[in-house]
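1. From the sequence below, what's the structure:
(one chain, ligands or ions: 1)
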Amino acid sequence: MPWFSDLFDKISAKRPRPDGKPALTVRERFSALKNIPAFLKLIWETSPSLTLGNIGLRLLRAALPVAMLYVGQLILDSVVSLARSGGNSDASLGPLLSLVALEFVLAILSDTLGRGVALLDSLLGDLFANRSSVRLMEHAAELDLDQFEDSTFYDKLERARRQTLSRTVLMAQVLSQAQDAITMAFLAIGLVAFNPWLLLLLLVAVIPAFLGESHFNERSYSLVHGWTPERRELDYLRQTGASDDTAKEVKIFGLSGFLIDRFKLLSDQFYQQNKALVLRRAGWGAFFAAVGAAGYYAAYVYIISQAVRGQISIGQLTFLAGSFARMRGLLEGILSRFSSVAEGALYLQDFFDFFRIQPRIIRDEAHVVRPFPRPIQVGFQFENVGFKYRNAGKWAIRNLSFTLQAGEKLALVGENGAGKTTLVKLLARLYDPTEGRILLDGHDLREYDPAELRQEIGVIFQDFVRFQLSAGQNLAVGRIEEKGNQDRIQAAAAQSLADTVVQKLPGGYDQIIGRRFAGGVDLSGGEWQKIALGRAYMRDAQLLILDEPTAALDARAEHEVFQRFADLTKGKTAVLISHRFSTVRMADRILVIENGEFVEIGSHPELLARGGRYAELFALQAAGYR
Ligand SMILES: Nc1ncnc2c1ncn2[C@@H]1O[C@H](COP(=O)(O)OP(=O)(O)OP(=O)(O)O)[C@@H](O)[C@H]1O
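-> Sure thing, here's the model as predicted:
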């Protein structure tokens, strides 16, 4: 029925979809319903007992309206017959009072069942939302770093995240739908027996409202869907404008006005678009409600006329009028809920889409998975390696060939953006090379289990994370299984000089560091770096990679850290990135790269003697100290 959407657009001033795409066809909207069975399966897996209980109570409740209407009919008919017969004998009131008592019991039962259903909905909904959030976090953790750098990935993640809560609403809607359909079936039996045409009248009166709802739901979905990037930006602006991490610079640079203006602009645009949609929806909604009411009153007049002619009793009149009114409400509810279930199913598509994103860097079962060599015999060999970031025009690394020998300490030197961090990320297989290959002991890195590889590599990045956890936990993240091993944590702290930082903390290793949470104590940049460095020593890694490990350390701390580093990495392979030549010169060999390409490699004296790029950079820095 695409004509219907077209008609709406024509009548209500044609508007393109906010994301610029053509409106979803009715078929597309309905095809999203294919996600419902998978969704129901997820609910079932969340808690079979709560799901069964919920369905059972709803089934019972579905039969109650028709039972109550029928008892109502019996009551009225017996009142009328009693009134006709003078009705003052106590004995003849007995059956009537029993009927009233029965209706009373049914009313109480209906209320109790309703509350039971609401209770189970809410418990099941909470469990489901929690479980979905956990699954979302688990899945995000499996994905590649490269996928996190893609903005459409973030949009998907955002949509999936936002929907864990609204999914519980969808769950209640799907279950209510089944319940109401059963109630309708019961009521329809009586109505059809009286006059099947009334059922047709009912459908004719209600279907336009359903189509209208369905149309506006699609519009509303596409508005929200199309606005995902802007909504992420709005969240970002809200956070940047008011967070402990940014407060310092926002204040110093007087950025709040700039941030607020942008927020106002975006949020106002969304408000205006949404307002237009809501207004049109309200107008059409009122019109269709009137059509529905007209259908009801036509049926009502017909039923009354039958009663006046004596063809049905007063009790039947109330039963039929009640059934009709009830069915209209139910049908309207079912149809409009159907379109919001269809809308929910569209959102569900985003949710499942996110789970369909699969990591590429995985343990490749199709090939032999080699055990990681212990110890590494030859080392890591780069063979003509090239790497280009997703969406980046230029190569971050190109034609790079060299060998990181087992047991050697290699320093990487190069200007900002030369590709040093990228090289390290390739070693840790956070990315795979775009061209060429990296071999470990003669075999492609892809032939090893990535999880095992990462266990054997300890990397501390220059933009290490300042976890808002206790000092002990911040060290333990280097090997989180050992979070309860206080001796190991303290030994790692001693090796990275973090012990001197922890000693000064009022709560010692249990002290929360960072400002985010109550009681947290913040550290200086160098103190944070000592803690982060401790993470490297938590591991028994064969390859240790330190990216600018001492950038924030004072001269004395740097010297001490490196003395220990040399001891601690004896027999291990290590890669060190630093702009400080005092650090770099301690390495066995130094690899100089420029614009992602190999320039030269050798020991400090060799490179100085060669008088190339390294010697030039070294002289430049040394001149600064004269
Ligand atoms: N996630 C990314 N997406 C796109 N391009 C990136 C990304 N990370 C780095 N780059 C680009 O790749 C190139 C190499 O970056 P890399 O971080 O490896 O340099 P670096 O030598 O470590 O620099 P620095 O000394 O400043 O830390 C740079 O041109 C950078 O802009």
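2. the strands in the stretch 401-550 of the chain, which residues?
-> 409-413, 435-440, 443-444, 457-460, 543-547 (DSSP state E, counting those that start in this stretch).
3. Could you export the ones you listed as a markdown table, including mean neighbour count?
-> C-beta coordinates here come from the backbone N, C-alpha and C atoms, glycine included. Below are the strands of the stretch 401-550 of the chain laid out as a markdown table (neighbours: other CB atoms under 10 Å):
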| stretch | mean neighbour count |
| --- | --- |
| strand 409-413 | 23 |
| strand 435-440 | 18 |
| strand 443-444 | 15 |
| strand 457-460 | 21 |
| strand 543-547 | 23 |
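4. Figure out which of these is closest to Arg326.
-> strand 457-460 (66.3 Å; CB to CB).
5. for the closest one, packing partners?
-> helix 525-537, strand 543-547 (3 or more CB pairs under 8 Å, 6 or more residues apart in numbering; DSSP states H and E).
6. now for the ones you listed, which one comes closest to Val204?
-> Minimum separation from Val204 across the helices and strands packed on strand 457-460 (CB to CB) falls at helix 525-537, 70.0 Å.
7. Would you mind checking the average pLDDT for the closest one?
-> Regarding helix 525-537, the rounded mean pLDDT is 87.
8. Touching that helix from outside, list them.
-> Outside of helix 525-537, the residues within contact range by CB atoms under 8 Å, 6 or more residues apart in numbering are 458-460, 464, 466, 471, 474-475, 477-478, 489, 491-493, 495-498, 500-501, 513, 523, 544, 546, 549-554, 557, 561, 568.
9. and the residues you listed, which are buried?
-> 458-460, 464, 466, 471, 474-475, 477-478, 489, 492-493, 495-498, 501, 513, 523, 544, 546, 549-553, 557, 561, 568 (16 or more other CB atoms under 10 Å).
10. Cross the residues you listed against helices and list the overlap.
-> Among those, the members falling in helices (DSSP state H) are 471, 474-475, 489, 492-493, 495-496, 498, 501, 557, 561, 568.
11. what's the closest of the residues you listed to Glu249?
-> Minimum distance to Glu249 across those is 23.9 Å, recorded for Asn474 (CB to CB).
12. re earlier: using CSV, lay out the ones in helices among the buried ones among the contacts of helix 525-537 together with distance to the ligand and pLDDT.
-> Shown next, in CSV, are these (distance: CB to the nearest ligand atom, whole Å; pLDDT from 0 to 100):
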residue, distance to the ligand, pLDDT
Ala471, 27, 93
Asn474, 23, 92
Leu475, 24, 93
Ile489, 29, 94
Ala492, 25, 91
Ala493, 26, 92
Gln495, 25, 86
Ser496, 21, 84
Ala498, 23, 91
Val501, 24, 92
Ala557, 21, 76
Val561, 19, 73
Leu568, 24, 71
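13. quick check, nearest of those to Leu102?
-> Using CB to CB, those come closest to Leu102 at Asn474, 67.6 Å.
14. Please tell me how far the closest one sits from Leu505.
-> 11 Å (CB to CB, to the nearest Å).
15. Same check on Glu606?
-> 45 Å.
16. ditto for Ile601
-> 42 Å.
17. Does the ligand have contacts with stretch 596-606?
-> No. For stretch 596-606, no contact with the ligand is found by CB under 6 Å from any ligand atom; the gap never falls below 6.5 Å.
18. Mind listing residues that contact that stretch?
-> Applying CB under 8 Å, 6+ apart, the set of residues contacting stretch 596-606 from outside is 387, 395-402, 414, 418-419, 422, 584-585, 587-593, 607, 610, 612-614.
19. Could you pick out the residues of the stretch 1-150 of the chain near the ligand for me?
-> Glu149.
20. And the residue of the stretch 1-150 of the chain that's closest to the ligand?
-> Glu149 (4.8 Å; CB to the nearest ligand atom).
21. chain center to stretch 264-276: distance?
-> Centre-to-centre, stretch 264-276 and its host chain are 24 Å apart (CA atoms, centre = their mean, to the nearest Å).
22. just stretch 385-402 next, same as before
-> The mean C-alpha position of stretch 385-402 is separated from the chain mean by 31 Å, CA atoms, centre = their mean.
23. ok, now stretch 125-136?
-> Distance, centroid of stretch 125-136 to centroid of chain: 10 Å (CA atoms, centre = their mean).
24. Residues touching it, excluding its own?
-> Contacts for stretch 125-136 (CB under 8 Å, 6+ apart): 42-43, 46-47, 50, 157, 160-161, 164-165, 167-169, 171-172, 351, 354-355.
25. ChimeraX command to pick out the buried ones of the residues you listed?
-> This is how ChimeraX selects the buried members of these, with burial counted by 16+ other CB under 10 Å:
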select :42,43,46,47,50,157,160,161,164,167,168,171,172,351,354
